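1. coordinates only, sequence not included:
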């Protein structure tokens, strides 16, 4: 019995050591690797007029769409999430663009570097901390087209939310922001992402998340997007799905409590077997507000924009 217990103890100890070593050695790379996700549809699929555009950012020619409203009240700078592109099916983006143009907002949406049809550099995610110059470049493109007098609204989801917040921290001028389930805490999102990807408890991915942030190049602590956003003065609507497994509600609540310029709108809850999320697996309600509660989402957006444009 004692021999069996010793073998079990040693075996468990070795497994823990192996897991920790793997997390520290390969964690920083595994946390940021992603597969290509090319664009296969267009706004024309939902009857929205558009133009293909290219935006220069750090020597990269980013691909995107310009979707002009007939009598625009403002310009939306849309930013997709990690590993996605301008046609994210989580939202779904095409119908979202259709809605925005219907609200008399022109929209520009690009594929961030290393995403969609835009150029690949290292093929790695920066969780917004290295993608944000692309949004600055988009803003410059809008100005160069003669729309500098129109209000600019940053609309983003998931990692796109962090990208927008880092861009604002880096000097991007916006008149309003709409953040949909934004990435506010990188370490927590990486841990939760482990559960979504593999179905294992998030705590098992703490060493990987720690090494990816402390030993890798991902932001954490005072440089987390959620911390930087606490001092921003831009009127902001933060739409949060209450059961989002990746970008979780407590971080949205903390940010809204710390910054009176941020209005938190918590989407109605949905059941785990609801038709709007039943094909998403453990991704669940991540960025699901528009797909699950379209009327509610449009109402939140319309009211916010009418008060801030």
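-> Sure thing, it's come through. Quick caveat: nothing in here was measured; it's all calculated off a predicted structure.
2. can you show me the helices along the stretch 51-200 of the chain?
-> Listed in chain order, the helices of the stretch 51-200 of the chain (DSSP state H, counting those that start in this stretch) span 93-102, 132-144, 159-169, 186-198.
3. hmm, who's touching the last one?
-> The one in question is helix 186-198. Helix 186-198 is touched from outside by 31, 127, 162, 183, 200-206, 208-210, 212-213, 218-220, 224-225, 245-248, 251, 281-283, with contacts defined as Cβ atoms under 8 Å, 6 or more residues apart in numbering. Placement of C-beta: from N, CA and C, glycine included.
4. can you select the buried ones from these in ChimeraX?
-> Per 16 or more other Cβ atoms under 10 Å, the buried members of the contacts of helix 186-198 correspond to this ChimeraX selection:
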select :31,127,162,183,202,205,206,208,209,210,212,213,218,219,220,224,225,245,246,247,248,251,283
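5. state the distance from the nearest residue to residue 183 once chain neighbours are set aside to residue 305.
-> Using Cβ to Cβ, 6 or more residues apart in numbering and skipping the chain neighbours, the partner closest in space to residue 183 is residue 162 (4.1 Å). According to Cβ to Cβ, to the nearest Å, residue 162 stands 22 Å off from residue 305.
6. hmm, back to that, quick one: the residue nearest to residue 183 and residue 127 touch, right?
-> Yes - using Cβ atoms under 8 Å, residue 162 makes contact with residue 127 at a distance of 5.9 Å.
7. out of the contacts of helix 186-198, list just those in strands.
-> The members of these all map outside strands under DSSP state E.
8. in helices only, show me the contacts of helix 186-198.
-> Counting by DSSP state H, the contacts of helix 186-198 place 162, 206, 208-210, 212-213, 225, 251 in helices.
9. list the helices and strands the helix or strand harbouring residue 300 packs on?
-> Here residue 300, judged by DSSP states H and E, is contained in helix 294-308. With contacts defined as 3 or more Cβ pairs under 8 Å, 6 or more residues apart in numbering; DSSP states H and E, helix 294-308 has these neighbours: helix 93-102, strand 176-180, strand 236-240, helix 289-292.
10. if we use 10 Å, what do you get?
-> strand 74-79, helix 93-102, strand 152-157, strand 176-180, strand 236-240, strand 262-266, helix 289-292 (3 or more Cβ pairs under 10 Å, 6 or more residues apart in numbering; DSSP states H and E).
11. output the below-cut-off pLDDT ranges for this structure.
-> In the prediction, the chain carries residues with pLDDT under 70 at positions 1-33.
12. let's see it at 50
-> For the chain, the stretches with pLDDT under 50 are 5, 7-10, 12-22, 26.
13. dump the residue contacts of the closest residue to residue 118 other than its chain neighbours.
-> Once flanking residues are discounted, residue 118 sits nearest to residue 111: 4.0 Å by Cβ to Cβ, 6+ apart. The contact partners of residue 111, by Cβ atoms under 10 Å, 6 or more residues apart in numbering, come to 37-39, 55, 62-65, 80, 84-87, 117-119, 134.
14. now a ChimeraX select for only the buried ones of the residues you listed.
-> ChimeraX command restricting these to the buried ones, with burial defined by 16+ other Cβ under 10 Å:
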select :37,39,55,62,63,64,65,80,84,85,86,87,117,118,134
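15. out of the contacts of residue 111, which are inside strands?
-> Short answer: the contacts of residue 111 in strands (DSSP E) are 55, 62-65.
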